[in-house]
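Engineer: Using only what follows, build the 3D model:
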Amino acid sequence: MNEIALLIAATLASGTPLAIAGLGLLLNEKAGVLNLGAEGMMLVAAIAGFAAAFTTGSDTLAFVAGAAAGGLLAAAFGALVIWLNTNQYATGLAVSLFGYGFSAFVGVGFVGQKLAERASFEVPLLADIPLLGPALFKQHPMVYIAIGLMFACIWFLYRSRAGLVLRSIGESPESAHALGYKVRWIRLAAVVTGGGLCGVAGAYLSVVYAPLWVEGLVAGRGWIALALTTFATWRPVRVLLGAYLFGGVTMLQFALQGAGVDVSSQLLAMLPYIATIVVLALISRNPAWIRINMPASLGKSFHPGT
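Structural biologist: Below you'll find the model as predicted:
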């Protein structure tokens, strides 16, 4: 029973950064912007968050620094693709490469450093429930914030006027522009918000999940979060469930190693990425299904007055 509780708890902790980043990227794509720079944004945010936590000892400042770093890099990406109309795919890849190199450069002095022992969290009374207590109610607050973000995202996209406008821009920016909406500024706001959430996810990895800094700490989670939006067919609930699915696959490798399964550790480490490829391959077998759910203007530039 204890092993099951630990596995569930580890799954939630591992899936949280994927969920937060995935929801941020979902907002981007609902507005019609495809951001392939999530990996780089999370890396820059991870070193920013770790540096803030290491120097100040405050997790709150660390998350603020991570969100600011992710949002700033997203703003630069948004300026390029929204106002200068650069190719979204190429620009996103450039941001990822920049983020990898920049984070490695500024993080040299923090390699091998570790944060002080983190405070433990638990929900009073509920944490004492057998099995469910250790599994669900002894998590970092960011785990519960990720779940709250999912509900907030649902309300925003499907219950608010602003969310309706955002989705209409993702479907037909020309029509939204004709109705008087500032398409470029709304897209930029979505991109910066998404980048800020990617930044929070990156800071979570280096401050809470690790907590340390090494080059390439994000380890492909930005790409998995990007794949989650397609896996979830652009629906917030499925983003959260998909994040926990991939988090569970990640933790499965450690569970198998702990159980003494005689399998190469390198092969087990490949499991989350193999799962990503398999899921995307299965989804791709039905292109009509993707086409129905995907925002119609995703990845397409918008030129006002043309």
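Engineer: Helices of the stretch 151-300 of the chain, residue ranges please.
Structural biologist: In chain order, the stretch 151-300 of the chain shows helices spanning 161-171, 173-178, 183-204, 221-231, 236-258, 265-269, 271-284, 287-293, with DSSP state H, counting those that start in this stretch as the criterion.
Engineer: Let me have those helices in a markdown table, extended by mean neighbour count and mean pLDDT.
Structural biologist: The C-beta positions use only the backbone N, C-alpha and C, and glycine is treated the same way. Output for the helices of the stretch 151-300 of the chain, formatted as a markdown table (neighbours: other CB atoms under 10 Å; pLDDT from 0 to 100):
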| stretch | mean neighbour count | mean pLDDT |
| --- | --- | --- |
| helix 161-171 | 18 | 95 |
| helix 173-178 | 16 | 93 |
| helix 183-204 | 27 | 97 |
| helix 221-231 | 25 | 91 |
| helix 236-258 | 20 | 84 |
| helix 265-269 | 12 | 70 |
| helix 271-284 | 14 | 74 |
| helix 287-293 | 10 | 73 |
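Engineer: Relative to Thr60, which of those is closest?
Structural biologist: helix 183-204 (10.4 Å; CB to CB).
Engineer: how many degrees apart are that closest one and helix 221-231 in direction?
Structural biologist: Following axes from the mean of the first three to the mean of the last three CA atoms, to 10 degrees, one obtains 130 degrees for the angle between helix 183-204 and helix 221-231.
Engineer: next one: helix 183-204 to chain centre, how far?
Structural biologist: How far helix 183-204 lies from its chain's middle: 10 Å, per CA atoms, centre = their mean, to the nearest Å.
Engineer: now do stretch 135-151
Structural biologist: For stretch 135-151, the distance to the chain centre is 14 Å (CA atoms, centre = their mean).
Engineer: can you check stretch 117-127 too?
Structural biologist: A distance of 24 Å separates the centroid of the chain from that of stretch 117-127, by CA atoms, centre = their mean.
Engineer: What average pLDDT does that stretch get?
Structural biologist: Averaged across stretch 117-127, the pLDDT comes to 81.
Engineer: Could you number the chain from 671 rather than 1 from now on?
Structural biologist: That works, and once the first residue is 671, the last one we named lands at stretch 787-797.
Engineer: possible to save the helices of the stretch 821-970 of the chain as CSV with distance to Thr686?
Structural biologist: Below are the helices of the stretch 821-970 of the chain laid out as CSV (distance: least, CB to CB, whole Å):
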stretch, distance to Thr686
helix 831-841, 23
helix 843-848, 32
helix 853-874, 6
helix 891-901, 11
helix 906-928, 7
helix 935-939, 20
helix 941-954, 14
helix 957-963, 25
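Engineer: Correct me if wrong: Asn699 contacts Glu841.
Structural biologist: In this structure residue 699 is Glu, not Asn. No - here Glu699 lies out of contact with Glu841, judged by CB atoms under 8 Å, at a distance of 11.7 Å.
Engineer: picking up where we left off before, which one of the helices of the stretch 821-970 of the chain lies nearest to Glu792?
Structural biologist: Closest to Glu792 of those, according to CB to CB: helix 853-874, at 18.2 Å.
Engineer: and the angle for that closest one with helix 831-841?
Structural biologist: If you take the same axes, to 10 degrees, helix 853-874 sits at 100 degrees to helix 831-841.
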